[in-house]
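starting from these lines, generate the structure:
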Amino acid sequence: QVQLVESGGGLVQAGGSLRLSCAASGRTFSTGAMGWFRQAPGKEREFVAKIRYSAVYADSAKGRFTISRDNAKNTVYLQMNSLKPEDTAVYYCAATDRYYTGTDNLMRGYNYWGQGTQVTVSS
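Below is the predicted model:
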């Protein structure tokens, strides 16, 4: 059974940093994509960043967030700096072992999801 377990969320002041981790078990994703999405209250889940052969970011994350992966640990990370109140959301880790189809920035591009971790940025 595949599991994605996120950690590292919490409460931080604006301008602060957090590092999210997502550890996968039950399947190796070294040749697939791993990504992060987020969902704020009352809003749809949106793409934040993904990594397969290289990293891709949503415009809102560029210059502030860094996604990385450790294939030996089957883990993906999201380093978030210069956090803003509008970054407040539940952050979800996603993974896919499918070949690239151009959907790595879409929810339907992933077949495994974590349970989410809350990130709250106070002003």
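
show me the contacts for the closest residue to Gly16 other than its chain neighbours.
Excluding its sequence neighbours, the residue lying closest to Gly16 (C-beta to C-beta, 6 or more residues apart in numbering) is Leu83, at 5.4 Å. Bear in mind the C-beta positions are built from the backbone N, C-alpha and C, glycine included. Leu83 makes contact with Val12, Ala14, Gly15, Gly16, Ser17, Leu18, Arg64, Val119, Val121, according to C-beta atoms under 8 Å, 6 or more residues apart in numbering.

quick check: the fourth one vs Gly116, distance?
Going from Gly16 to Gly116 by C-beta to C-beta, to the nearest Å gives 20 Å.

try the first one
Val12 sits 17 Å away from Gly116, taking C-beta to C-beta as the criterion.

per-residue confidence at the residue most central in space within the chain?
Nearest residue to the geometric centre of the chain (C-alpha atoms, centre = their mean): Trp36, 2.0 Å. Per-residue confidence at Trp36 stands at 98 (pLDDT).

that one and Arg45 touch, don't they?
No - contact criterion C-beta atoms under 8 Å: Trp36 and Arg45 do not qualify, at 10.7 Å.

what are the boundaries of the strands in this structure?
With DSSP state E applied, the chain shows strands at 3-7, 10-13, 18-25, 33-39, 46-51, 55-57, 65-70, 75-80, 89-96, 112-113, 117-122, listed in chain order.

dump these to JSON lines, plus distance to Thr103.
Compiled in JSON lines, the strands of the chain are given as follows (distance: least, C-beta to C-beta, whole Å):
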{"stretch": "strand 3-7", "distance to Thr103": "18"}
{"stretch": "strand 10-13", "distance to Thr103": "31"}
{"stretch": "strand 18-25", "distance to Thr103": "19"}
{"stretch": "strand 33-39", "distance to Thr103": "9"}
{"stretch": "strand 46-51", "distance to Thr103": "10"}
{"stretch": "strand 55-57", "distance to Thr103": "12"}
{"stretch": "strand 65-70", "distance to Thr103": "17"}
{"stretch": "strand 75-80", "distance to Thr103": "17"}
{"stretch": "strand 89-96", "distance to Thr103": "9"}
{"stretch": "strand 112-113", "distance to Thr103": "14"}
{"stretch": "strand 117-122", "distance to Thr103": "24"}
